[in-house]
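> Give me coordinates for this.
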Amino acid sequence: MLTIKNAKRTDLGVVFAALADPTRRAIVSRLATSDATVLELAAPFDMSLPAISRHLKVLERAALITRGRDGRHRPCRLHPDVLTEVAQWASFTRTAWDERLDRLNEFLESNNHTNKTEKGKSE
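Below you'll find the predicted structure:
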């Protein structure tokens, strides 16, 4: 679990599970541009409103979105802080693997150089 200054801990497993579904990723992408109502979010999909609501509940449980009240409308809003944590985790992981791969490459190059040197001496 990652933490951001004074922020609550985010269970990245729950976030990744929520983002595993292409419909939910599309909803998150749509909300990245602006807030939207359930009807607006449902428009591009060939599914019932209850199905969209279930997707929204999953995104809410993952703390990726919130649903507010504005009169009769219930606008959905993206929580970018959680996506920032995902990006930080991905960046940390990538950096760690890049460093490992660099060390492996250095080892392989030095080992290859050693093998060439030993072949030259034995001939």
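
> For Asp70, grab phi and psi.
Main-chain torsions, Asp70, degrees, to the nearest 10: phi -140, psi 80.

> now swap in Met47 and tell me
Residue torsions, per degrees, to the nearest 10, at Met47 are phi -150, psi 160.

> Spatially, what comes nearest to it if we skip its sequence neighbours?
Closest residue to Met47 apart from its sequence neighbours, by C-beta to C-beta, 6 or more residues apart in numbering: Thr23 at 7.6 Å. All C-beta spots, glycine's among them, are computed from the backbone N, C-alpha and C.

> Report the separation between that neighbour and Trp97.
Applying C-beta to C-beta, to the nearest Å, the value for Thr23 to Trp97 is 30 Å.

> Quick check: mean pLDDT of stretch 62-80?
Mean pLDDT, stretch 62-80: 87.

> my bad, stretch 88-107
84.

> Now do the buried residues in the helix or strand hosting the residue nearest to Met47.
Using DSSP states H and E, Thr23 falls within helix 22-33. Residues of helix 22-33 classed as buried: Thr23, Arg24, Ile27, Val28, Arg30, Leu31 (neighbour count, 16 or more other C-beta atoms under 10 Å).

> where do the strands sit along the protein?
Taking DSSP state E as the criterion, the chain carries its strands at 65-67, 76-78.

> The first one pairs with which strands?
What it means is strand 65-67. Its sheet considered, strand 65-67 pairs with strand 76-78 (antiparallel) by DSSP bridges.

> Next, the buried residues of the strand it pairs with.
Buried-residue list, strand 76-78, by 16+ other C-beta under 10 Å: Cys76, Leu78.

> got it, and stretch 51-64?
Ile52, His55, Leu56, Val58, Leu59, Ala62, Ala63, Leu64.

> For those, which two are the farthest from each other?
Ile52 and Ala63 (18.7 Å; C-beta to C-beta).
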